[in-house]
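**Student:** fold the stuff below for me.
(one chain, ligands or ions: 1)
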Amino acid sequence: MPSESPSSFTALPTAVQWSHQIVGPRLRAGDWVVDATAGNGHDSLFLAQRVLPGGRVFTFDLQAQAIEKTRENLASHLTIQQLAEVSLHHAGHERMAELLPAEARGRLRTVMFNFGYLPGGDKKVITQEATSLAAVRIALEWLAEDGIMTVVLYPGHEGGREEASSVECLITALPSMEFEAQRIGFLNFRSSTPFCIAVRRRAVNA
Ligand SMILES: C[S@@+](CC[C@H](N)C(=O)[O-])C[C@H]1O[C@@H](n2cnc3c(N)ncnc32)[C@H](O)[C@@H]1O
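**Tutor:** Down below sits the predicted model:
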């Protein structure tokens, strides 16, 4: 007889859970962070709860509906003072460099990407390989030393396999003196199963 009941069993983390597990323990109140794909605002809330008060959360999404959902999600969990430290941008993440304050360059402790489409929204509005690559390049440039970028990729979505493989190629080519990168995903599931990439900008003297 097994000694534990099935209710105490725990599955391995999904790609999104991995991204939270990697980022969560590294964040402190006062940090500046980006949620590059707001969606329903779960990642923005996760970030806000760790860096506020005192920090800044910058959130991007192409869709007005996603920005509205995120605003509602944040408003139901944060104080008015905390909300004032969140900037919601109804804009593509490829415009990050233009829309973030100049002081954010080299100061971002985390940039989180969760590609694909808005759950519960229009599945045709989906992240695109070219803009995803542009945004990942900006995020890498703007990361603080010891900062982390996470990317959740969905090879099963339309165009998702090409997007995932281009992002993976870009990251594989990063110089290992400057960055360390990992790919985390299930080995024995279908190849369309989402996976997570995490990149850390190495500290200059470490
Ligand atoms: C999987 S959802 C994100 C889930 C979200 N992080 C959450 O916690 O609920 C992907 C989102 O990316 C958005 N998106 C698509 N292209 C984008 C772009 N170029 N810039 C920013 N967001 C984009 C979609 O509108 C969608 O809301």
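**Student:** show me which residues of the chain sit near the ligand.
**Tutor:** Within the chain, the residues that sit near the ligand (CB under 6 Å from any ligand atom) are 37-43, 60-63, 66, 92-94, 114, 116-118, 125, 127, 131. The way it works is simple: take the backbone N, C-alpha and C, and place the C-beta from them, glycine included.
**Student:** restricted to helices, list these.
**Tutor:** Those of these mapping onto helices are 42-43, 66, 131, per DSSP state H.
**Student:** quick one: contacts for the closest residue to residue 23 other than its chain neighbours?
**Tutor:** Closest residue in space to residue 23, ignoring its immediate chain neighbours: residue 110 at 5.1 Å, by CB to CB, 6 or more residues apart in numbering. The contact partners of residue 110, by CB atoms under 8 Å, 6 or more residues apart in numbering, come to 23, 26-27, 31, 33-34, 47, 147-150.
**Student:** what's the answer for residue 178, then?
**Tutor:** 201-202.
**Student:** buried stuff in the lowest-mean-pLDDT helix or strand in the chain?
**Tutor:** Every helix and strand of the chain was ranked by mean pLDDT, DSSP states H and E. The lowest is helix 80-83, at a mean of 94. Buried residues in helix 80-83, defined by neighbour count with 16 or more other CB atoms under 10 Å: 82-83.
**Student:** got it, and stretch 169-179?
**Tutor:** 170-171.
**Student:** still on that earlier bit, in the sheet, who's paired with the residue nearest to residue 23?
**Tutor:** Residues in a beta bridge with residue 110, per DSSP bridges, are residue 33, residue 148.
**Student:** and the strands in this structure, which stretches?
**Tutor:** Along the chain, counting by DSSP state E, strands occupy 32-35, 56-61, 86-90, 108-114, 143-153, 179-184, 195-201.
**Student:** what does the model give residue 122 for pLDDT?
**Tutor:** Here the pLDDT value assigned to residue 122 is 85.
**Student:** give the contact list for it.
**Tutor:** Taking CB under 8 Å, 6+ apart as the test, what residue 122 contacts is residue 63.
**Student:** about what we covered before: in JSON lines, list the strands of the chain along with mean pLDDT and distance to residue 74.
**Tutor:** JSON lines is the format used below for the strands of the chain (pLDDT from 0 to 100; distance: least, CB to CB, whole Å):
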{"stretch": "strand 32-35", "mean pLDDT": "98", "distance to residue 74": "10"}
{"stretch": "strand 56-61", "mean pLDDT": "98", "distance to residue 74": "9"}
{"stretch": "strand 86-90", "mean pLDDT": "98", "distance to residue 74": "6"}
{"stretch": "strand 108-114", "mean pLDDT": "98", "distance to residue 74": "15"}
{"stretch": "strand 143-153", "mean pLDDT": "98", "distance to residue 74": "20"}
{"stretch": "strand 179-184", "mean pLDDT": "98", "distance to residue 74": "27"}
{"stretch": "strand 195-201", "mean pLDDT": "98", "distance to residue 74": "23"}
